[in-house]
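Participant: predicted structure and sequence below. I'll ask about it afterward.
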Amino acid sequence: MDVEDATTLSYDDFCTRTILGAYSITLKVADGDVAEYGAEGRCTMRLAEYLDLMENGTVGKRYLKDWHFVHAFGHDIYETPPFFKDDWLNWWWDHKESSEDDYRFVYMGPAGSWTPLHQDVFRSYSWSVNVCGRKEWVFYHPDEEPKLKDRFGRFVVPDVTVKYVDKEKFPRFHEATPIHVIQETGDAIFVPSGWYHQVKNLEDTISINHNWFNGYNVRELWEFFKCEYAAVERELEDLKEMGLVGREFVDQCQLVMQANTGINYIEFRELLYTKASDLLSRHEHSENCTATASGKDLLVHLKYVRDILRELNMALDIVDDEDGKTSSAVRSMQMEKAPQEEIEELRQVNDELYREHAKEKAQMQAAVEQERVQTAELTQTINVITEENNQWRESYSALEESKRYGEEQLESEKHELEEQVAQLEDSVRSCTAQMVNSLAELERLRTSNDDHDQQEAELQRQLDERDERFAQLSAEYDSLRMQYDQLQQAQEHTLRSHEDELATKHQEIAAKNQEVVAKQQEMADGENKLQTQISTLQGQIERLQDELKAASANEDVRQVNQSALLRRAEQQTQETQEKLEEANARVKGLEEELALLSNAGPNSNDYATRIRGLQQEVFAKSEQLVQQGEKHLRAAERLDKTKTELAQLRDEISSVRRMLLRGIGLDTTTVGSENASMDDTLYQHVKLEELVRLRLKALEHEWQIAGGPPASVGGSEAASEGAQNGTDPPSCHLMNVENFSALDALGLGGAGRLEREMRVLRSRNKRLMERTEQLERELDASQVGLRDVQSMREKVVEMVGRERVEKELRAKSELTNRELGEKVAALSEHVEKLMVHLKHEAAAKTRAVEAQRRLDKELLEAKDRLATATRKHTAQDAQVAELEQGARILEDQLRLMDEKFIDVRNKLDWTRTAARKENKQLSSELRSLRMKWQMASDSGVLAGLPDWSSPSSVPKFSKKAPLGTSSSESRLPTPKASNNGLSPVVAAVVEDALAIGNGGAPRIKFDIPKLPQPEADAGTPWSDAKLSKLQRQFQDKRR
């Protein structure tokens, strides 16, 4: 999800990258004025009540949706962003005369309220801006639509945020890729055409939403309208058989499309004509339109509109005039149709549908009677075949039972539908009469209520005028008196407070100045100390850095060796893992081969047993491999640890060997007087025991030469003097051993000095570290003091500013006091005048009180009469509501009857098709059995059969007789006389129904599978979802 800044994004870039690219973005709009809302909403409660519920926390999950906010107010509360101003849809609704509808909405809901997964109306664009709150959006690309629908391709997943989605109903939902977006306050979300989205409020949210389209997606809308119109045509195809063809059929389809989709071809054509004219006029008069398409895009959009208008005119079968405009007569007829006329047309269509249903019932009865003869013939042939083979008889009897049960269920549902239709017609007529009477009574009550309201308003107005006059004078006197007292008190209080505050401020400023001087002196001393300490610390830090560099070089060498060992171990682990993967692949291949062999071989049970055994062996081997791998890992860890210890031991041994060689006199770096570079590998063949022995022998020899500890000291001095004079110090000569010094062996040479220096340096380093920490603590304390001084300086500056402000306020207050004194004098004169007026008003008030008593008495009587009328009006409203509810129930029942009839017709079609298929199958089997019987009789195979199976006992068939007839009619079952001319299938259904009614065992229910509904029918009034909902409501009401 890309985020773009609206302040730097141009309109052309927005159209090129977003609209033409057809992907969703989030626009960060600039901050602006947020308008406040306080009007009533178009819902079942007042907006104030809804806001009270939200404030009290009792609103629950109720969501205020689709509030036409722009039409609720007479002026523009907000301004549409420039990227979305090219809005043809809402422009059309604003352009239409006397239109109070549009697609600009305000949404308000608490946290947790949400909207299920859906596409926008007409496959249009939409944008949404959060005024306050946060929302979570879940988007799906239009290419993901097949994955979101159920297995029949009809409905999408209602909630994509649930943890479990039925995989049988929505088998491909897990393949869909969602896009999650969090919309913050002030963010604008643009939703391209056709994208599925689900929205949830994370907080209490108010948002603005517009549905719109323009030339960039007008073709998508046209494709959607064509699909909707095709669905309406398929549903109303049966009207053509009733004679509704040509222009009448097109008008009926347009009427149904207007009721279902919200727009039809005629209105859409008018929209395109009007918008095309507007675009051309605006393009001619203005060349700089920031919120419209450029010249090139405008030509492309006009081309799209031209192509769509051609297809519309072809669909409506209308020849355009020379000017290319539609017939004004047709448009005026469509616009002037009143809602009552549309209701009458719908009633006529409903009557025609009922007549068509009756005609189809007669046709179905004729088809059933026509099939009766064929069923009788098939029944006779089945009886002949069942005498020869019991297995055939049992299978065919089961088939006949299922057919009989289906016919019985069909007949019972047909009788119930006829009775319910008759009852509904009677109830509709009675409800219509009651509604007419109730409406007349309601109009009479409304007129009487309006008269009472006018009288009451006139009386109340007179009382209010007198009360307002008296209250105005009293309030003016009281307010003037209170202002006079308050001004005097405020003047005295202000003078005292200013004097006290000035005294305290001067004292505080003097104290703060003294503190600042002391702090500055302390800071000067601390800065001098810090400068000396910092100079010493810098020298010590430089020395410490040199030592750290040397130590880090040694550490880098050690890390390089460890990384090499780690890489070698990782390589070995990867090789082992690859071997394991290859083994697993071979195991899987063997399992697949075994599965194929087990499915293809004759002894599948043996193969299955062997496969299970092999699988168990493979599982055991895999466990062994895992255990072996764990052992290898532990062994590798031990090996690494051992290698590390071995390396450490080797380093220690090499250091010991070098120390011994140095003690003996064989330096590994400089040996002999010539300072030749030598390597200690020359002495690797010498064992440590031999080197130790030589070292001890050299020490012993040195002691002998030095003559004890005092001699050794003198010897060292002599050796040093000899070295200074150019002579070699005394040494011991051994075979294959160079000269060595006894002073080095005794720790009095260079190694001893280095060790002493190291100890001195360590102690010095420790003291320096302690001194550094102490200086850091002092530095922190000094910084704290410096911050305190700075804060004190700021406070002093602030106090000076406050003092200046106080002086200004004091000057202003003195000026104000003088002005108030003048006002008080003027008010005193005015009060005297008011007292004179009050005396006159008191007399007038006494007369007004007496008149008010009489008016109160009359008002109480009027209120009683009004309450009585209100109760009657409420009762009438309740009765009207009940009548409206009854009318809605009747309409739902009528729709349910239509659904029942369609279901019955589908079942009849399926039964007819299944019966024909069974007839064909039985005829082919009968012909094959006859041929086999004839061949057996010709070959003499039947001569050896017993007497009961001899050909004489079997009915003979004439070669010229038609299929299903025989020469012996006495052996074939004949239809019963009580069937009343019905087919055996229908008669069996009637007999089963009577048996169930008399307490017999019910037959097995044979459910006819429901055919999947086409995708184009989803969302229509006759879709499976809406018809199922009506059926459930009807069943609940019957209970």
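Facilitator: Noted; the coordinates are in hand.
Participant: from here on, just use CA atoms for contacts and neighbour counts.
Facilitator: Will do.
Participant: low-confidence regions, the stretch 1-150 of the chain specifically.
Facilitator: Along the stretch 1-150 of the chain, segments meeting pLDDT under 70 span 1-44, 74-75, 97-100.
Participant: tell me where it has helices.
Facilitator: Remark: helices assigned in the stretch 1-150 of the chain by DSSP state H, counting those that start in this stretch are 11-14, 47-56, 69-72, 88-95, 145-148.
Participant: what helices or strands is the helix or strand that contains Met792 leaning on?
Facilitator: Per DSSP states H and E: Met792 is located in helix 750-939. Packing partners of helix 750-939 (3 or more CA pairs under 8 Å, 6 or more residues apart in numbering; DSSP states H and E): helix 339-388, helix 390-600, helix 742-745, helix 1024-1038.
Participant: worst average pLDDT in these?
Facilitator: Comparing mean pLDDT over the helices and strands packed on helix 750-939, the weakest stretch is helix 742-745, at a mean of 42.
Participant: ok, back up a step: want to throw the helices of the stretch 1-150 of the chain into JSON lines with distance to Leu639 and mean neighbour count?
Facilitator: Listed next are the helices of the stretch 1-150 of the chain as JSON lines, based on distance: least, CA to CA, whole Å; neighbours: other CA atoms under 10 Å:
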{"stretch": "helix 11-14", "distance to Leu639": "64", "mean neighbour count": "15"}
{"stretch": "helix 47-56", "distance to Leu639": "70", "mean neighbour count": "14"}
{"stretch": "helix 69-72", "distance to Leu639": "78", "mean neighbour count": "17"}
{"stretch": "helix 88-95", "distance to Leu639": "78", "mean neighbour count": "17"}
{"stretch": "helix 145-148", "distance to Leu639": "54", "mean neighbour count": "20"}
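Participant: out of those helices, which is closest to Glu757?
Facilitator: Nearest of those to Glu757, taken as CA to CA: helix 11-14 at 75.1 Å.
Participant: so how far is Ala230 from Leu860?
Facilitator: 65 Å (CA to CA, to the nearest Å).
Participant: more neighbours, these two?
Facilitator: Taking neighbours as other CA atoms under 10 Å, Leu860 and Ala230 compare with Ala230 leading, 16 against 11.
Participant: output the helices of the stretch 1-150 of the chain as a markdown table; include the columns distance to His837.
Facilitator: Converted to a markdown table, these look like this (distance: least, CA to CA, whole Å):
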| stretch | distance to His837 |
| --- | --- |
| helix 11-14 | 69 |
| helix 47-56 | 44 |
| helix 69-72 | 48 |
| helix 88-95 | 57 |
| helix 145-148 | 82 |
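Participant: those: which one's closest to Leu820?
Facilitator: Using CA to CA as the criterion, the shortest distance between Leu820 and those is 44.1 Å, found for helix 47-56.
Participant: and this protein, what are its domain boundaries?
Facilitator: Recorded structural domains for the chain (assignment: automatic domain parsing) are 1-141+177-214, 223-337, 666-740.
Participant: so which of the helices of the stretch 1-150 of the chain is nearest Glu371?
Facilitator: Of all the helices of the stretch 1-150 of the chain, it is helix 145-148 that lies closest to Glu371, at 42.3 Å by CA to CA.
Participant: and the pLDDT for Val849?
Facilitator: Among the per-residue scores, Val849 shows a pLDDT of 86.
Participant: burial measure for it, as a count.
Facilitator: With other CA under 10 Å as criterion, Val849 counts 14.
Participant: next, work out how far apart it and Asp467 are.
Facilitator: 10 Å.
Participant: go on, Glu814?
Facilitator: Counting by CA to CA, the gap from Glu814 to Asp467 is 41 Å.
Participant: ditto for Gly57
Facilitator: Here Gly57 is placed at a distance of 41 Å from Asp467 (CA to CA).
Participant: ok, those two, which is more surrounded?
Facilitator: More neighbours surround Asp467 than the other of Gly57 and Asp467, with 15 against 10 (other CA under 10 Å).
Participant: all the helices of the stretch 201-350 of the chain, in order from the start?
Facilitator: Remark: helices assigned in the stretch 201-350 of the chain by DSSP H, counting those that start in this stretch are 218-235, 247-261, 265-285, 295-316, 328-336, 339-388.
Participant: can I get those helices in JSON lines with distance to Leu682?
Facilitator: Below are these laid out as JSON lines (distance: least, CA to CA, whole Å):
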{"stretch": "helix 218-235", "distance to Leu682": "90"}
{"stretch": "helix 247-261", "distance to Leu682": "101"}
{"stretch": "helix 265-285", "distance to Leu682": "99"}
{"stretch": "helix 295-316", "distance to Leu682": "90"}
{"stretch": "helix 328-336", "distance to Leu682": "115"}
{"stretch": "helix 339-388", "distance to Leu682": "112"}
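Participant: between these, which one is nearest to Leu148?
Facilitator: Counting by CA to CA, Leu148 lies closest to helix 218-235 out of those; the figure is 18.8 Å.
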